[in-house]
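A.B. asks: Structure for this input, please:
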Amino acid sequence: MTLNEGRRVRLVAELRLTGSLTVAESPHVRADASADGEASASGGSLSGSLSLGTGIEGTVERVDSYENEQSHEVREYVRLTSLLDDFGHQMPVGSRGRLEEQIASLEPAWQAYQGQKDRVTVRVRLDSGFVLDGVPGELFTTL
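C.D. replies: Numbering: from 1, shown residues only. Okay, here's the model as predicted:
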């Protein structure tokens, strides 16, 4: 499944969003009123929750992809294989053998890194008007 800007998507898991809220400037809404209409003791700070059910649809506005961070072992594997590729033919047999052993010991970490998917987050404008930003792409399927 590929998420692209402008693509229609559907939420595949129920989400519950909780936290503090900020009231947008509006002449019809008091900034010190809570969600149930009572004045807030903290002077404008609101808290609330929102549940979004599976199946809600929307449109992808932005896709951000983040490359997985390389561990020390992965960086060392890349460095040593580059060294072997560039200078291995000039190395004494013993040194070359030790280098190949080091590379072989780092191979599992390299293979695990290669098997990881990059982390993808999306900004989706739901049909209801809500916008979800920075949400993992795995929570959506394309239509």
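
A.B. asks: distance of Val60 from Thr18?
C.D. replies: 24 Å (C-beta to C-beta, to the nearest Å). C-beta here means a position set from N, CA and C on the backbone, and glycine is covered the same way.

A.B. asks: neighbour-wise, which of those two wins?
C.D. replies: Using other C-beta atoms under 10 Å, the more surrounded residue of Val60 and Thr18 is Val60, with 19 against 10.

A.B. asks: from what I can see that one touches Val124, true?
C.D. replies: Yes. Val60 lies in contact with Val124 (C-beta atoms under 8 Å); the separation is 5.6 Å.

A.B. asks: shared neighbours of the two, anything?
C.D. replies: Val9, Phe140 (C-beta atoms under 8 Å, 6 or more residues apart in numbering).

A.B. asks: Now do the residue lying closest to Ser71 once chain neighbours are set aside against Leu83, distance only.
C.D. replies: For Ser71, ignoring the flanking residues on the chain, the nearest one in space by C-beta to C-beta, 6 or more residues apart in numbering is Ala109 at 6.2 Å. Distance, Ala109 to Leu83, using C-beta to C-beta: 17 Å.
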